[in-house]
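Undergrad: Pasting the sequence and the predicted model now:
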Amino acid sequence: MKKVFKALFATAIIFAIIIISAVIIVSNRMIGQVNAFDRSIIDVGQVSDGVYYGHSETDLVKVEVSVTVSSGKIQDIEILKHECGKGLPANEIVNDIIKNNDIEVDAVTGATMSSEVIKDAVRNALRSGL
């Protein structure tokens, strides 16, 4: 019985190490993908009036948005698609972007990666109006 318990315990430890390693690898990869986003500053005042569509993604988060610009201001941001794990609270970031008329707002706590992907999708949409 002791041998069976030891074997099960060793198997559980090995399985836990594999799972933890996989989580670390995926997290580091996603951080690298987010850090690679082009964060060039966009002057919303220079964006022509219209509705623009943007997309951004990492391995775990995919976002598509439409951004409405009028008179040099972001009037509306609609999240058309947001595939993520627990990052749905990040959808609230669009309110801050509209309020500040700027993409560079703080990420939503607990949904940092999704927040960054949403901001990148908005940035990509605005670029098409320059």
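TA: Looks like it arrived, so ask away.
Undergrad: what does the average pLDDT come to for the longest strand along the chain?
TA: In the chain, assigned by DSSP state E, the strand with the most residues is strand 73-83. Mean per-residue pLDDT for strand 73-83: 95.
Undergrad: which residues touch it?
TA: Strand 73-83 is contacted by residues 44, 53, 61-69, 88, 90-91, 94, 97-98, 101, 114, 118, 122, 126 when judged by Cβ atoms under 8 Å, 6 or more residues apart in numbering. Just so you know, the C-beta spots here come from the backbone N, C-alpha and C atoms, and that holds for glycine as well.
Undergrad: And the strands in this protein, which stretches?
TA: Using DSSP E, strands in the chain cover 50-57, 62-70, 73-83.
Undergrad: Tell me which of those sits most buried.
TA: strand 62-70 (a mean of 20; mean count of other Cβ atoms under 10 Å).
Undergrad: Mind giving me the packing neighbours of that strand?
TA: Under the contact definition 3 or more Cβ pairs under 8 Å, 6 or more residues apart in numbering; DSSP states H and E, strand 62-70 sits against strand 50-57, strand 73-83, helix 112-127.
Undergrad: and the angle from the shortest one to helix 112-127?
TA: Going back to what we said before, that points to strand 50-57. 140 degrees (axes from the mean of the first three to the mean of the last three Cα atoms, to 10 degrees).
Undergrad: Convert the C-alpha atoms of strand 50-57 to PDB, please.
TA: What follows is strand 50-57 as a C-alpha-only set of coordinates in PDB (Å, rounded to 0.1, in the frame of the first residue of the first chain):
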ATOM      1  CA  GLY A  50     -16.100  57.900 -39.600                       C
ATOM      2  CA  VAL A  51     -16.500  54.400 -38.300                       C
ATOM      3  CA  TYR A  52     -13.300  52.300 -38.300                       C
ATOM      4  CA  TYR A  53     -12.700  48.600 -37.500                       C
ATOM      5  CA  GLY A  54      -9.700  47.200 -35.700                       C
ATOM      6  CA  HIS A  55      -8.500  43.800 -34.700                       C
ATOM      7  CA  SER A  56      -5.900  42.500 -32.300                       C
ATOM      8  CA  GLU A  57      -5.000  39.200 -30.800                       C
END
